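sequence unknown, structure follows:
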DNA sequence: ACTCTCCAATGGTCTGACCAATGTAATGCC
DNA sequence: GGCATTACATTGGTCAGACCATTGGAGAGT
């Protein structure tokens, strides 16, 4: 309650302003020099406060003319990054990760099937098409994999679920990126995506749940085999 | 990939050191002045780097003699805080929150029943006892509520699940703290906790799942009614 | 009307100083 | 000798003022 650093006091004040809605996304905060003068503190302290908030994803700082510190839009990317980092540091094994995905993703898919609107569905269709094309063109479809799971989570319109799904998918992709995959595997993955998409399109929650579960299990078994073959006893990160 | 700030370069280097295991928890980094000299940069830059990492929860800085910057133990508290903050800023409604909990908590309870060791169970027993005592002494048992859900999640030994559960419980507590509760409600809550505990103790995953689901639904309905009565149309945070 | 140059605003970095906290070692009292 | 007190060295926290680097726009020149 009583911050010992000046910068912390300032940061907390601004954060309260954001939480309470007094400061809105896009709004510009005073230049470092100006706020320092106004609060009778050094520029260093203001700077440190801005830096902390930027680290949390609450501010965006730009330099140059017309630059400054702006209140950022609400975005879960920093949380996702932070969560991913913490899971990496915790040496999260791919078994743990898959366990969490098995628990979370099928229910998310079910909810997605019930809530998806036309726009959501169109976006997923576009993505799956791109992924198909990438396979035909011998490209790497993995970059689309993360996005697929994100889009499905978005259909739920549930922020906690969206954020958690993002973090997990982020980490799963990292594990997946470590192993080589054949054209057959690519085929399999996109087929599963297609089936989940079909289920969502026809508003069949149970089918979406079932197909997503099979998909995650499929990925799990491939990851398990691959890691056993390539990196015995190894974990997601180093 | 090419940080524009000097402090970012330094921060990234240290972060890589931590990720790769070259820097271990408890280890002391050079004093700001020393590292600045060594890298031929100003103390300000080093300081900013340390500050950023501290904000992410990767460092702990202490001042005074024998002070300095130390690699922090892996701890998900910063992530939890950050996630909670983002959910607040996203104006997460208690309906959304409950939806996520309904999805996550029962399966966690099931897994907890299968994995809990004697120590885990003892800790939960202690907590439930304390909670019972608090009710008899007319104290507020809510402070124990968050802890209960944390301990159950800990039984799973699954870091992603633990982190996500923490963040959700944190936020749920915040919503719960906003409403008044009667002695009857306190009774109900602790009864549910007792039943979940019993299920875990007897390794009955399905019972744990069922009781936890009922518990969350129970809380949901109470929250729903209370918010409708006290704060029509209101959400978790402002 | 278009392009180029210059400039003012603003964040980023540096220097060097002093303040504040904090653990330890020297000091002094009993 | 043992315990409380004090002094001190170390280290993060803050300050002041300067200069650098980036950036977008205003104004000059065509």
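Cool, the structure landed. None of these values were measured; they are calculated from a predicted model.

need the contact list for the spatially most central residue of chain A.
In chain A, the residue lying closest to the centroid (CA atoms, centre = their mean) is residue A:166, at 3.1 Å. Shown in contact with residue A:166 (CB atoms under 8 Å, 6 or more residues apart in numbering or on different chains): A:76, A:80, A:150, A:153. In short, each C-beta sits where N, CA and C put it, glycine included.

element containing the closest residue to residue A:185 other than its chain neighbours, please.
Distances taken as CB to CB, 6 or more residues apart in numbering or on different chains place residue A:222 nearest to residue A:185, at 6.4 Å, with adjacent residues excluded. Under the criterion of DSSP states H and E, residue A:222 resides in helix A:205-230.

same for that helix, what does it pack against?
Where contact means 3 or more CB pairs under 8 Å, 6 or more residues apart in numbering or on different chains; DSSP states H and E, helix A:205-230 is packed against helix A:94-115, helix A:159-176, helix A:183-201.

close to DNA strand C: what parts of chain A are there?
A:4, A:31-34, A:43-44, A:47, A:51, A:61-69 (CB under 7 Å from any atom of the strand).

how about the residue in chain A positioned nearest to DNA strand D, phi and psi?
Nearest to DNA strand D, among the residues of chain A, is residue A:64, at 2.0 Å (CB to the nearest atom of the strand). Dihedral pair for residue A:64: phi 90, psi 180, per degrees, to the nearest 10.

so how far is residue B:92 from it?
To residue B:92, residue A:64 is 36 Å away according to CB to CB, to the nearest Å.

sketch out the low-pLDDT regions of chain A for me.
Scanning chain A with the threshold set as pLDDT under 70 gives A:1-2, A:227-238.

ok, back up a step: narrow the residues of chain A next to DNA strand C to those in strands?
Secondary structure from DSSP state E places A:61, A:62, A:68, A:69 of those in strands.

the third one: neighbouring residues, count only.
Close neighbours of residue A:68, defined as other CB atoms under 10 Å in any protein chain shown, add up to 18.

follow-up on the earlier one: among residue A:64 and residue B:92, which residue is more densely surrounded?
residue B:92 (23 against 6).

what's the domain layout of chain A?
A:6-71, A:77-230 (automatic domain parsing).

any idea which of those is most buried?
When these are scored by mean count of other CB atoms under 10 Å in any protein chain shown, the highest mean neighbour count falls to domain A:77-230 (a mean of 19).

tell me if I'm right that residue A:176 and residue A:226 touch.
No: Residue A:176 is not in contact with residue A:226 according to CB atoms under 8 Å; the separation is 9.0 Å.

which residues are in contact with each of those two?
In contact with both residue A:176 and residue A:226: no residue, using CB under 8 Å, 6+ apart.

could you look up the SS state of residue A:92?
Using DSSP: H, G, I helix; E, B strand; the rest coil, the structure places residue A:92 in coil.

er, residue A:180 actually
Going by three-state DSSP: residue A:180 is coil.

if I pick the residue nearest to residue A:185, what's in contact with it?
Contacts of residue A:222 by CB under 8 Å, 6+ apart are A:179, A:181, A:185.

and residue A:216, what does it touch?
Per CB under 8 Å, 6+ apart, neighbours of residue A:216: A:98, A:101, A:102, A:105, A:106.

same check on residue A:186?
A:135, A:141.

show me which residues of chain A sit near DNA strand D.
So chain A meets DNA strand D at A:4-8, A:36, A:40-45, A:48, A:62-67 (CB under 7 Å from any atom of the strand).

can you rerun that using 6 Å?
Contacts of chain A with DNA strand D, taken as CB under 6 Å from any atom of the strand, map to A:5, A:6, A:7, A:41, A:42, A:44, A:45, A:48, A:63, A:64, A:65, A:66.

in this structure the fourth one contacts residue A:10, no?
Just to be clear, that refers to residue A:41. Yes: with contact defined as CB under 8 Å, residue A:41 reaches residue A:10; the gap is 7.4 Å.

tell me the backbone dihedrals of residue A:75, please.
phi -150, psi 130.

any idea how far DNA strand C is from it?
As defined by CB to the nearest atom of the strand, to the nearest Å, residue A:75 lies at a distance of 19 Å from DNA strand C.

list just the nearest of the contacts of residue A:216 to residue B:218.
residue A:106 (24.5 Å; CB to CB).

need the contact list for the closest one.
The contact partners of residue A:106, by CB under 8 Å, 6+ apart, come to A:208, A:209, A:210, A:212, A:213, A:216.

give me that answer again for 7 Å
A:209, A:212, A:213 (CB atoms under 7 Å, 6 or more residues apart in numbering or on different chains).

residues in contact with the nearest residue to residue A:134 once chain neighbours are set aside?
Spatial nearest neighbour of residue A:134, chain neighbours left out: residue A:141 (4.4 Å); criterion: CB to CB, 6+ apart. By CB under 7 Å, 6+ apart, the contact list for residue A:141 reads A:131, A:134, A:135, A:186, A:189, A:190.

could you dump those residues into JSON lines and include distance to residue B:196?
Below are those laid out as JSON lines (distance: CB to CB, whole Å):
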{"residue": "A:131", "distance to residue B:196": "42"}
{"residue": "A:134", "distance to residue B:196": "46"}
{"residue": "A:135", "distance to residue B:196": "46"}
{"residue": "A:186", "distance to residue B:196": "43"}
{"residue": "A:189", "distance to residue B:196": "38"}
{"residue": "A:190", "distance to residue B:196": "41"}
